[in-house]
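**Q** coords please:
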Amino acid sequence: MAPRKILVVGATGQQGQATIAALQQSPAREPAVEILGLTRSASSPKAGALKKKFPNITLVEGDTRAPGPVFDAHPDIQSIFLVTAPPEEESQALPLINAACSEGSKVDHIVFSSVERGGDDISWSMPTPVQHFAAKHRIELYLRDACEKSAGTIRWTILRPTGFMDNYNPGSFGSLMASLWAKGMPADQKMQLVSAHDIGVFAARAMLDPQEWNGKAIGLAGCEMSFEDVRTAFREVVKKELPMTWAVVAKGVLWWVPEAKTSFEWFRECGYRADIEELRKLEPGLQDFKAWLKESSRWHVQ
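**A** Next up, the predicted model:
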């Protein structure tokens, strides 16, 4: 049997790399798969690093906004892992969905990485005031409708991650994200988090068993913690304080950047509501924040 050909969009990003790793490591990889890593430039340093990390994948140069050449070069693509990034997320997703659902396409399963918006059921009707979240909501509806119009020949799965643990990796961005959480949320209010590693695990599971995951939309989280919980966990595992930037910088971002302000307003008033208990039944190895620090983060704690 010929290998199942899987296209991983955003292959050089955190979710793309986690998905490739999970696909290659899965003990249930039947039938065999061929992984295509989509990148805007196959000669870029990031693409080179990806190929060095995963020498068995095939780098594919292309753009989801104009996916014709990708399908012309690889007409036997069967599964797609689709992830988008702001801004203009719909322009990244819709052309690819249209091409995958067009006549003559061999695609039979699309896995879209979206965002959790208050629970598995309510997320369907909860775009939220956050523009980034609302764009993903519209993509979800478009994907579901496009696949349903295919008379069942194209299956869909939607993964809805909560806050990214990987946002707290070493570096200025991680320090800023920590400060935003500290200033944007009440000290005792909890927020759900998931690791990019576990997004990849669930994406791989869905793509390796498309019939089982057909028509499922599921929130992803590995823990629920207040900011003080995160600081305590970090101190216990890394043996130092969680890096943070100047409070005045975080306050300025929350005041002057509309998307940041709206996001934290939604976190305070509604927030993520993935079913962590049920997720652990599906994946006992689901990482909490301490496990992420030890196993997947760039803090290199062993």
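
**Q** Could you use CA atoms for every contact and neighbour count after this?
**A** Noted.

**Q** how about the helices in the stretch 151-300 of the chain?
**A** Under the criterion DSSP state H, counting those that start in this stretch, the stretch 151-300 of the chain carries helices at the ranges 172-184, 196-208, 210-213, 227-238, 247-256, 258-269, 276-282, 289-295.

**Q** is it possible to export these to a markdown table including distance to Glu103?
**A** Conversion of the helices of the stretch 151-300 of the chain to a markdown table gives the following (distance: least, C-alpha to C-alpha, whole Å):
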| stretch | distance to Glu103 |
| --- | --- |
| helix 172-184 | 43 |
| helix 196-208 | 22 |
| helix 210-213 | 20 |
| helix 227-238 | 49 |
| helix 247-256 | 46 |
| helix 258-269 | 38 |
| helix 276-282 | 35 |
| helix 289-295 | 43 |
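
**Q** Of all those, which one is nearest Gly219?
**A** Taking C-alpha to C-alpha as the criterion, helix 276-282 is the member of these that comes nearest to Gly219, at 8.7 Å.

**Q** Quick check: which of the helices of the stretch 151-300 of the chain is buried the most?
**A** helix 196-208 (a mean of 24; mean count of other C-alpha atoms under 10 Å).

**Q** So, low pLDDT: which residues of the protein?
**A** 27-31, 301-302 (pLDDT under 70).

**Q** biggest helix in it by residues?
**A** Using DSSP state H to define each element, the chain has its longest helix at helix 131-148.

**Q** which outside residues touch that one?
**A** Around helix 131-148, the neighbours that count as contacts under C-alpha atoms under 8 Å, 6 or more residues apart in numbering are 86-87, 89-90, 93-94, 97-98, 101, 112, 114-115, 117, 123-124, 126-128, 153-156, 158, 259.

**Q** returning to what we had before: how about the helices of the stretch 151-300 of the chain, which one is nearest Ala11?
**A** Ala11 lies closest to helix 196-208 among the helices of the stretch 151-300 of the chain, at 11.3 Å (C-alpha to C-alpha).

**Q** same for that closest one, what does it pack against?
**A** In terms of contacts (3 or more C-alpha pairs under 8 Å, 6 or more residues apart in numbering; DSSP states H and E), helix 196-208 is packed against helix 14-25, strand 109-113, strand 155-161.

**Q** Now those in TSV, please, with extra columns for mean neighbour count and distance to Gly200.
**A** Formatted as TSV, the helices and strands packed on helix 196-208 follow (neighbours: other C-alpha atoms under 10 Å; distance: least, C-alpha to C-alpha, whole Å):
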stretch	mean neighbour count	distance to Gly200
helix 14-25	21	4
strand 109-113	26	10
strand 155-161	25	10
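
**Q** Relative to Ala66, which of the ones you listed is closest?
**A** Taking C-alpha to C-alpha as the criterion, strand 109-113 is the member of the helices and strands packed on helix 196-208 that comes nearest to Ala66, at 17.3 Å.

**Q** list the helices and strands that closest one packs on?
**A** strand 79-83, strand 155-161, helix 196-208.

**Q** Pipe those into a markdown table and attach distance to Thr64 per row.
**A** A markdown table is the format used below for these (distance: least, C-alpha to C-alpha, whole Å):
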| stretch | distance to Thr64 |
| --- | --- |
| strand 79-83 | 9 |
| strand 155-161 | 18 |
| helix 196-208 | 19 |
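
**Q** Quick one: closest of the ones you listed to Leu180.
**A** Minimum separation from Leu180 across the helices and strands packed on strand 109-113 (C-alpha to C-alpha) falls at strand 155-161, 19.2 Å.
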